[in-house]
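Novice: Just the structure for this:
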Amino acid sequence: MRRLRRIKILATLGPASSDSAMIRKLFEAGADVFRINMSHTSHDKMRDLVKTIRNVESSYGRPIGILVDLQGPKLRLGSFANGPVQLNNGSSFVLDSVKEPGDATRVHLPHPEILSALKVGDALLLDDGKVRLICEETEGDRAVTRVVIGGKMSDRKGVSLPDTDLPMSAMTNKDRADLEAACETGIDWVALSFVQRAEDVVEAKRMIRGRAAVMAKIEKPQAIDRLQDILDVSDALMVARGDLGVEMPLERVPSLQKQMTRMARRAGKPVVVATQMLESMISSPVPTRAEVSDVATAVYEGADAIMLSAESAAGKYPVEAVSTMNRIGEEVERDATYRSVVTSQRPDPEATAGDAIAGAARQIAETLDLSAIICWTSSGSTALRVARERPKVPVVAITPSLHTGRKLSAVWGVHCVVAEDAKDQDDMVDRAGRIAFRDGFAKSGQRVIIVAGVPLGTPGATNMVRIAYVGPSDTDV
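Specialist: Numbers count the residues shown, from 1 in each chain. Below is the predicted model:
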């Protein structure tokens, strides 16, 4: 199951893609990581999906990553007494703590933390931004707003606050229960929704206790203002363009996507571009030309992964959506322009032994036209540093940890093999050659470069580079 592209594909599971046969088809079509959205999934269903994915993984002998996406706090209006109301431009509309059903002049807002945090001039976006209000007066338990963009409003519509820093955690009680259940089940990645500050990620990591890696979803303006701090404590970023485009001007989203992609690459951490990538394939067997260009842009930028949401979870053509994304990735990466763009964006190495070794390995491999870079890694850090270089030659990670192999399934260009740890350096070189030959990365007589930490099995101690021939004995597998 060697992929012919470097960028990875995340596919969301749902009603259209929850049985074993469909998950197999999605994996064969190109899915590297499966996403379980806890907004629509019970604990029992989540456990069933994880079990099914692990069975598929076992039958193919390839590590498959599982990402559990937490719902996060959902802020919603109360109800209206006589059905939907029309909010007209320029009219006054009150949000308050009174639990009685609302009308065209007021409605209950069952979130006292919003009423206490709102400031005069703050914007409120209702129903995914279709209606826009501006706060003109606050009185603790009520806020008087003016309707700037009007429209029809009905029960339980969502509320977004792009200007307000809410004094609340990114995790609700439901999220905490979902997180604990997911970690007990043995998933690999946790996506944390509506992150506002680094402390949100730290809170999740305290609960996780190393059982999974944390991917911070960037979808709020407050997170953009603290992006470096959030990246420093996260294991990966997700560019959640849907909600980001609601709370920020749409025209800013493309530049923010580029900014986050480059920041994550500099940090050597995976970055996933998500939301509406092939949206039309929910109901159509082919995407629009604009969607193809959008996916291609993420590939050209050097993102680690691209994600399908409803296209694979609830659409009519889940396999076709993954297959289309796979073909786009392959085609872009064959383009000579792709290599020049990725190379031009290569960050300078940090002043660490790991970065220096990774940079040297990439340069040696490309200068000598070696067949592959082989990373022996326990924690995954060696493979992450090499992937940060975006080398021209394939990257193979050999790890004794299945958990590490699954985590690396979201990392650009890394073909991961789970194998017993090397006994010594000779064993390390011998088995690196065998695996490179077996998986089609090198032929007999070709050379590979091996990167590892010595003593073997020491996490984060990348300090060795060795060039080796793939000899006749290596082909005996």
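Novice: where are the low-confidence patches of this structure?
Specialist: By pLDDT under 70, the low-scoring segments of the chain are 1, 457-460, 472-477.
Novice: can you list the domain ranges for it.
Specialist: 8-72+170-341, 85-160, 353-475 (automatic domain parsing).
Novice: For those, give me CSV that also has mean neighbour count and distance to P347.
Specialist: In this view, the C-beta of every residue, glycine as well, is placed from N, C-alpha and C. As requested, those are exported to CSV (neighbours: other CB atoms under 10 Å; distance: least, CB to CB, whole Å):
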stretch, mean neighbour count, distance to P347
domain 8-72+170-341, 20, 4
domain 85-160, 16, 33
domain 353-475, 20, 7
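Novice: first vs last residue of stretch 6-24, how far apart are they?
Specialist: Distance between the two ends of stretch 6-24: 21 Å, counting by CA to CA, to the nearest Å.
Novice: Run the chain-centre distance for it.
Specialist: 15 Å (CA atoms, centre = their mean, to the nearest Å).
Novice: now do stretch 189-209
Specialist: With CA atoms, centre = their mean, you get 14 Å for stretch 189-209.
Novice: can you check stretch 269-284 too?
Specialist: The chain centroid and the centroid of stretch 269-284 are separated by 11 Å, computed with CA atoms, centre = their mean.
Novice: re the thing from before, nearest approach to S79 belongs to which of the domains of the chain?
Specialist: Closest to S79 of those is domain 85-160 (CB to CB; 4.2 Å).
Novice: What's the end-to-end length of that closest one?
Specialist: Using CA to CA, the end-to-end distance of domain 85-160 comes to 19 Å.
Novice: what does stretch 77-94 give?
Specialist: 11 Å.
Novice: going forward, begin numbering at 275 instead of 1
Specialist: All set: I'll call the first residue 275, so the last point we hit is now stretch 351-368.
Novice: what's the spacing between the residue of the chain most remote from its centre and A456?
Specialist: Computed with CA atoms, centre = their mean, the residue of the chain farthest from its C-alpha average is N356, at 41.7 Å. Separation of N356 from A456 (CB to CB, to the nearest Å): 42 Å.
Novice: ok, and the closest non-adjacent residue to E477?
Specialist: The shortest distance from E477 to any non-neighbouring residue, by CB to CB, 6 or more residues apart in numbering, is to S443 (6.2 Å).
Novice: can you tell me which residues contact that neighbour?
Specialist: S443 makes contacts with 347, 474, 477, as judged by CB atoms under 8 Å, 6 or more residues apart in numbering.
Novice: got it, and V691?
Specialist: 670-673, 679, 709, 713.
Novice: Then A706?
Specialist: 648, 650, 670, 672, 722, 724, 742.
Novice: Look up the residues forming beta bridges with the fourth one.
Specialist: For I672, the residues forming beta bridges with it (DSSP bridges) are W650, V691.
Novice: I figured it was touching W650, is that so?
Specialist: Yes. Counting by CB atoms under 8 Å, I672 touches W650, with 5.3 Å between them.
Novice: who touches stretch 550-568?
Specialist: The contact list for stretch 550-568 (CB under 8 Å, 6+ apart) reads 515-516, 569, 572, 580-585, 588-591, 594-595, 598-599, 602.
Novice: Can I take it that S443 is in a strand?
Specialist: No. S443: not assigned to a strand; according to DSSP: H, G, I helix; E, B strand; the rest coil it is coil.
Novice: can you give me the helices in the stretch 425-574 of the chain?
Specialist: Taking DSSP state H, counting those that start in this stretch as the test, the helices found in the stretch 425-574 of the chain are 447-459, 472-482, 495-499, 501-507, 515-521, 527-541, 563-574.
Novice: Please render those helices as TSV that adds distance to K431 to the earlier fields.
Specialist: Shown next, in TSV, are those (distance: least, CB to CB, whole Å):
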stretch	distance to K431
helix 447-459	20
helix 472-482	25
helix 495-499	20
helix 501-507	28
helix 515-521	12
helix 527-541	22
helix 563-574	28
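Novice: looking at the ones you listed, which is closest to E640?
Specialist: Closest to E640 of the helices of the stretch 425-574 of the chain is helix 527-541 (CB to CB; 17.9 Å).
Novice: Now do that closest one: which elements does it pack against?
Specialist: When contacts are defined as 3 or more CB pairs under 8 Å, 6 or more residues apart in numbering; DSSP states H and E, helix 527-541 packs onto helix 501-507, strand 510-514, helix 515-521, strand 545-548, helix 563-574.
Novice: Now find how far off-centre the first one is within its chain.
Specialist: It refers to helix 501-507. 15 Å.
Novice: contacts for that helix?
Specialist: So helix 501-507 is contacted by 469, 471-472, 474-476, 479, 490, 492, 497, 511, 533-534, 537-538, 541, 543 (CB under 8 Å, 6+ apart).
Novice: ok, now with 7 Å
Specialist: 469, 472, 475-476, 490, 492, 497, 511, 534, 537-538, 541, 543 (CB atoms under 7 Å, 6 or more residues apart in numbering).
Novice: Quickly note the distance from M489 to Q345.
Specialist: Distance of M489 to Q345, given as CB to CB: 15 Å.
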